[in-house]
Every structure is written in C-alpha cells, then in structure tokens.
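*Asks:* Provide a 3D model corresponding to the input given below.
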Amino acid sequence: MNGWFGKRGRERRPSGWDWRIAGIGLIVLVGWFASPVLAKGRGARPAPPGYNVLFISVDDLNNDLGTYGNPRVRTPNLDRLAARGVRFDRAYNQFPLCSPSRSSIMTGLRPDTIQIYNLQTHFRSVVPEAVTLPQLFRKNGYFVARVGKIYHYGNPGQIGTNGLDDEPSWEVRINPRGVDKDEESLLTRHTEGGLGSALTYYASPAPDEAHTDGQVALGTIQLMERHRDRPFFLAAGFYRPHCPYIAPQRYFDQYPLETIPAPDFRLAEWERILPAARSLRLPHYGIGEQAQRESIRAYYASISFLDANVGRLLDALDRLGLAERTLVVFWSDHGYLLGEHGLWMKQSLFEASARNPLIVAGPGVARGKASPRTVELLDLYPTLADLCQLDGRPRNLAGASLRPLLTRPNAPWQRPALTQVRRGNDTDNYMGYSLRTERYRYTEWDEGRQGVELYDYARDPREERNLAKDPATRRLLRQMKAELARARGR
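*Replies:* Presented below is the predicted three-dimensional model:
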C-alpha cells in the first residue's frame, strides 16, 4: 500500500497536514471493511451484551498529573476522567522498561514467566500459546482493534510500523505516523544517544491533529463511530510523553521556563545510592540546571498534549452516548524520573520509576474516589475479564481482579507489588527485585550480593535514608525478605 500509511511507514509522504489527516481516515476505512470478513473466517461468537472497553496506554508517563497532586502540570481531561472513576494512588509496574512491562500487562504474566527483559524478544518465542487480554476479548465476540503503540516498538524509531506487535490480538491494527517524525532534525539535544533515550525536544508549529498522537485520537474515534453498536475493545496507544519531547508550541507556552525549577538534588544523594541502584553513569547525565529545566518543561508540555488527546476520546464517548456502557482504563507502562536522585527516565526501582498512573472509570465503578491500596498493572487483565464476564480466562494469570477496589476503594487488600529490573546485558547480568507495600519498599540487588535497600515512605517519602543496615529494622527486614521471596514464588 502506498501513501501515508505505507508498508513500513517509510515511503515519501505528501506535503501538507490535510493529507496526513485524510491518510488515517483511509486506513481506518480499510479496517472497517476488512474486519467483518476476518471475523467470519474465524467463526467468531455472536457479540455479547457486555461493556465496551477503551484501553488507553501512554508511553513513559509518571504521576506528575493534576489529579495526582502536581499543582504545576495542567491535565484537565485526566482530572475529569479521575472524577468519573477510581484513581489508584499506589499502582506499580512489573518492569520499568517498555517491552517487558507491556508484554507482562497484555499476557497477565510476570516478566520472569515470559522471560522478557529487553526490547528485542517477542513474548511468543517463550510462551507461544499465551492468550492475551485483547485476544480473550476477541474469543468472546468483541470487535478488537488498536491504534498506535500497545505492545512494544521503538519510539520514535519504529513509529508507523508494527514493531513487536502481536497479530493474534487484533482484528484491526493502525500504525499512524505524524509530522513529529519529520521534525526530528529540528530537535534541541541535551544528551547523546538514540532519540528514544536522549533528552531532546522541539516546540512544533504543526496543529494537534498532524502529530502522531493526534492521529491516534482521530483513528480511535473513527473506530468508535463505526463500531458503536457492537461491544468493542479499543486500545489507543499514545506516544507522548516519551522522548523526544515533541508537542505543539501552544503546550510549551503553558509552561514559561522561569516557572520550572531544577530538580532538588544534592551530590551527597548520588554518593550514598548503591551502585546497582543507579541507571546512569553520571548524575543528570552531566548536564547543567538550565538543560534540566528545559527538559522538564518539554516533558510537561508533552503531558498536556497527551491530556488534550485523551480529552478528545472522552468527548467522543459522550457525544456517541457510549460513556455509560464503556469501561475506560488509563495506564502508563511505567513511571519516569525527572532528576530525582540525579536519575532520569526509567529502569530504576525508585518510586518515581516503579510507580505509574492508573485510572479506571465506567459502569459499576465508584466516581471521584482514590484508592490507597497497592496494586499492580498485572491486575488489569483479570479485572477486565471479571468486569466483562469473559469466558475462557487463563488459569495462570498472576494478578487479581480489582473489582472490590473499584466499588470500595478503601476495601481491605493485602497484595504487595513486585517490580524488577535487570542490570547488564543478555549474557552478563543480574536482577534487582523490589517489593512495595503501602508503607515500605524492600529491594534486593543480585539476591542481595549487590546490596539491599529498605525505605519507609511514611517517614521518608523522598527515599533519602536506606534503613537496610539500621539495627532497629532487623525484624522488619526479615519480614520483607520473606515476603519478597513469596511474591517471586521462591
């Protein structure tokens, strides 16, 4: 197929933003006409009378949102979504790196079960018979489609392609490619390395709908309109705020640079951190405070751009009369450090990396409530299968249904969260495992050989004091060690 959505998204593109917008409409129409044929060929079951699901994924988003208490970042639409549902204040990912996290979420299995620790290996090479979350919805008669990034592919390098997507999961797959790809040569760069792991930004003159995320929103809305009379599972995978931080100029204008402080950091913090706990060789990559502030501003602008696109989806649900029968799930694949402890981005077991936003709204869900319970992204699979009463659920799912917390956000809940990360490469490496309860975080690096950490968030929310060698915590340390072993199944 030639044109805007070419075979690998790399063909020469027409100039002008109107062509870009028309292009996504074309690919959606192709999906519309193809999906009934595909469904018939599979012998799909009749559509069930269940809820719709709008599954909103974002890339590299931390909890710097208005609804999570950040007074500086403007997120009116995510605040609106939280007012419609339950916001989870202690939600944690299983591996703060895109592919391991997303593979875990979509299979409902822990990274150690599927053995996904890098950005290259597909989970089906290890668990070929896994039934993914969207695949289960397909088996239950739903129309199932994705627009954008749900499984992993390199951002921004593989935008416009399928990357490590899973074909059995979807009836329709749409890979938009926006003007942001053409603007990469205009980036301001503060650090070296690939664009997917460098502090770079650009304030674009192009309108929202010309960007890849704007096209994700448009394509998802068109699928809603087409399939509004059939139960659907639609996954909208946004690319922001993942670097490079490219967003329309008007979102940068919301954050004057003089209002953005540099991270609160002291060199003594870096010196006391276990070497294994560091994900960088130098604090702040060695860049100065001005570059740090510019990077934070660009990240915030990207969040507000993302928020505007989420708002378009919520508006479409309301306009189409779908809000009262659609479960909306908003999640990020992991958190993101903005200079805490001198660290940036992800692959850390500190709170800002292991924690992520999670909001669930819709029929049967409490409105405008926050849950303080410790939950995991693994819980999404059994939760949606439970709420939508799906048949054929896999018996080996590692998470638990959040239904009790969606009706009573303060209900008793005794499950801790387990997050892990790998240091080294595919042949020479060791793992860090971290257990989070409502009050404490306990971390072992290389089974303790590379060090142990214990933080008390009631007294030390900034993780400034590692209590692992404090004699007063010996009993607690033994308890947390045993609980971590149980969580790992050892």
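
*Asks:* tell me where the longest strand sits in this protein.
*Replies:* strand 232-241 (DSSP state E).

*Asks:* list the neighbouring strands of that one plus their orientation.
*Replies:* If you go by DSSP bridges, strand 232-241 pairs up with strand 52-59 (parallel), strand 143-148 (parallel).

*Asks:* residues near residue 334, how many?
*Replies:* Burial of residue 334 is recorded as 31 neighbouring residues (other CB atoms under 10 Å). All C-beta spots, glycine's among them, are computed from the backbone N, C-alpha and C.

*Asks:* so it sits against residue 96, correct?
*Replies:* Yes. Taking CB atoms under 8 Å as the definition, residue 334 is a contact partner of residue 96 at 3.9 Å.

*Asks:* who touches both of these two?
*Replies:* Taking CB atoms under 8 Å, 6 or more residues apart in numbering as the criterion, residue 334 and residue 96 both touch 346, 353, 354.

*Asks:* for residue 64, see how far away residue 246 is.
*Replies:* Taking CB to CB, to the nearest Å as the measure, residue 246 falls 18 Å from residue 64.

*Asks:* compare those two (neighbour count), which wins?
*Replies:* Remark: of residue 246 and residue 64, residue 246 carries more neighbours, 32 against 21, as counted by other CB under 10 Å.

*Asks:* ok, now which ones touch the residue nearest to that one when sequence neighbours are not counted?
*Replies:* Leaving aside its sequence neighbours, residue 246 sits nearest to residue 180 (CB to CB, 6 or more residues apart in numbering; 4.3 Å). Going by CB under 8 Å, 6+ apart, residue 180 touches 156, 159, 204, 206, 211, 212, 239, 244, 246.

*Asks:* how about residue 421?
*Replies:* Shown in contact with residue 421 (CB under 8 Å, 6+ apart): 95, 96, 97, 347, 348, 349, 431, 432.

*Asks:* who wins on neighbours among the residues you listed?
*Replies:* Most surrounded of the contacts of residue 421: other CB under 10 Å gives residue 96, at 30 neighbours.

*Asks:* measure it to residue 404 for me?
*Replies:* Distance, residue 96 to residue 404, using CB to CB: 27 Å.

*Asks:* now find how far off-centre stretch 352-365 is within its chain.
*Replies:* On the basis of CA atoms, centre = their mean, to the nearest Å, stretch 352-365 sits 10 Å off its chain's mean C-alpha point.

*Asks:* between the two ends of that stretch, how far is it?
*Replies:* End-to-end distance for stretch 352-365: 27 Å, by CA to CA, to the nearest Å.

*Asks:* is it true that residue 115 touches residue 122?
*Replies:* No. Judged on CB under 8 Å, residue 115 makes no contact with residue 122 at a distance of 11.0 Å.

*Asks:* what about this structure, any weak spots by pLDDT?
*Replies:* Residue ranges of the chain with pLDDT under 70: 1-49.

*Asks:* tell me the first helix or strand C-terminal of whichever helix in it runs longest.
*Replies:* Using DSSP state H to define each element, the chain has its longest helix at helix 289-319. Per DSSP states H and E, the first helix or strand lying C-terminal to helix 289-319 is strand 326-332.

*Asks:* quick one: residues contacting the spatially closest residue to residue 156 that is not a sequence neighbour.
*Replies:* Using CB to CB, 6+ apart and skipping the chain neighbours, the partner closest in space to residue 156 is residue 195 (5.6 Å). Contacts for residue 195 were tallied using CB under 8 Å, 6+ apart; they are 156, 157, 184, 187, 243, 244.

*Asks:* before we move on, back to that, how much space between the residue nearest to residue 246 and residue 61?
*Replies:* From residue 180 over to residue 61 the distance is 17 Å, taken as CB to CB.

*Asks:* and if you look at residue 67?
*Replies:* To residue 61, residue 67 is 12 Å away according to CB to CB.

*Asks:* which residues in the stretch 101-250 of the chain form helices?
*Replies:* Under the criterion DSSP state H, counting those that start in this stretch, the stretch 101-250 of the chain carries helices at the ranges 111-114, 133-139, 179-182, 212-226, 249-252.

*Asks:* okay, those in JSON lines with distance to residue 163 next?
*Replies:* JSON lines is the format used below for these (distance: least, CB to CB, whole Å):
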{"stretch": "helix 111-114", "distance to residue 163": "17"}
{"stretch": "helix 133-139", "distance to residue 163": "16"}
{"stretch": "helix 179-182", "distance to residue 163": "14"}
{"stretch": "helix 212-226", "distance to residue 163": "13"}
{"stretch": "helix 249-252", "distance to residue 163": "26"}
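
*Asks:* of these, which approaches residue 79 most closely?
*Replies:* Across the helices of the stretch 101-250 of the chain, residue 79 has its closest neighbour in helix 249-252 (16.1 Å, CB to CB).
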